[in-house]
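below: sequence and its predicted model.
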Amino acid sequence: MELAFLEHTSPDLHGAAESLRARGVTDILLVPMFLGRGGHLKRDVPRLVEEVTRALPGLAITTLPAPAEDEAMLDLFTDWICAHVR
């Protein structure tokens, strides 16, 4: 497992992918920690994935949907919010 950041913090996706590849990883499951499918997931992440896979041949990256696009995750978020509402 490797953590990567989109902006303002290191490592970025390329750096994290290089680290994983150095450990023999060839398939990456990218879990985007955004609540919804906004501009970063529509434009930035696909562009970065393409750049990284072009720069690191033999590496495959599969991107999961944003957590809040899943009904089960929405239920968890709702339960969490309700638990904090007094």
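On my side now, so go ahead.

assign the spatially closest residue to D44 that is not a sequence neighbour to helix, strand or coil.
The shortest distance from D44 to any non-neighbouring residue, by CB to CB, 6 or more residues apart in numbering, is to L6 (6.4 Å). Every C-beta, even on glycine, is put in place using the N, C-alpha and C of the backbone. Put simply, L6 is coil when judged by DSSP: H, G, I helix; E, B strand; the rest coil.

can I assume L6 is in contact with G39?
No - in this structure, L6 is not within contact of G39 by CB atoms under 8 Å, at 10.7 Å.

between the two, which one's more packed in?
Taking other CB atoms under 10 Å, L6 and G39 do not tie; L6 has more neighbours (15 against 9).

which residues are contacting the helix or strand hosting R54?
In the assignment (DSSP states H and E), R54 maps to helix 45-55. For helix 45-55, contacts defined as CB atoms under 8 Å, 6 or more residues apart in numbering pick out 6, 12-14, 17, 30, 32, 59-61, 63.

repeat for stretch 13-20
Contact with stretch 13-20 is made by 2-4, 6, 11, 28, 30, 45, 48-49, 51-52, 55-56, 59, 61, as judged by CB under 8 Å, 6+ apart.

among the residues you listed, which ones are buried?
Neighbour counting by 16 or more other CB atoms under 10 Å classes 4, 28, 30, 45, 48-49, 52, 56, 59, 61 among the contacts of stretch 13-20 as buried.
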